[in-house]
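Trainee: Need coordinates for the below:
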Amino acid sequence: MSDHIAAMLDVHPQAAEISEKSKLTECIAACHQCAQTCTSCADACLAEDMVSDLVSCLRSDLDCADVCAATGIILMRQTAANPGVRRAMLEACRAACTACAEECERHAGMHEHCRICAAACRRCEQACAALLAASG
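Mentor: All right, here's what the predicted structure looks like:
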């Protein structure tokens, strides 16, 4: 996926204005992957016998999926980007990923889908932090 993201950023008419392109590409890919993984984890939680024990996990999964998807989409847009909005989205995404990872880690011993989801959230959390640091 990141090859297509990098290719689109490379051919964008404002590509010269895009600094930290590798971190941006990695972050967009991590956001999309995390959104898909969290959505899948929520669906798997719904299929568990003790779904009532996973309500907080489900909520964290769905919140994180929505925030990550929106962040990835906003980061992909380069024309007339608003740095304040971009920073706010990265910070929100990082916070959602942290919360979801912590919740999924509580269930990771019993549910493999939660372990996988927590790992995707941690990767996205790190990618957002790296892009924030590179953006100054």
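
Trainee: doesn't residue 49 make contact with residue 111?
Mentor: No - with contact defined as C-beta atoms under 8 Å, residue 111 does not reach residue 49; the gap is 11.0 Å. Every C-beta, even on glycine, is put in place using the N, C-alpha and C of the backbone.

Trainee: For those two, indicate the residue with more neighbours.
Mentor: Using other C-beta atoms under 10 Å as the criterion, residue 111 and residue 49 rank with residue 111 on top: 19 against 6.

Trainee: Residue 12 and residue 76: what is the separation?
Mentor: Computed as C-beta to C-beta, to the nearest Å, the residue 12 to residue 76 distance reads 9 Å.

Trainee: Please identify the buried residues of stretch 70-89?
Mentor: For stretch 70-89, the buried set under the neighbour-count rule, 16 or more other C-beta atoms under 10 Å, comprises 70, 71, 72, 74, 75, 76, 86, 89.

Trainee: How about stretch 3-11?
Mentor: In terms of neighbour count (16+ other C-beta under 10 Å), stretch 3-11 has its buried residues at 5, 6, 9.

Trainee: Residue most distant from the centroid, this structure?
Mentor: Relative to the C-alpha centroid of the chain, counting by C-alpha atoms, centre = their mean, residue 49 is the outermost residue, at 27.7 Å.
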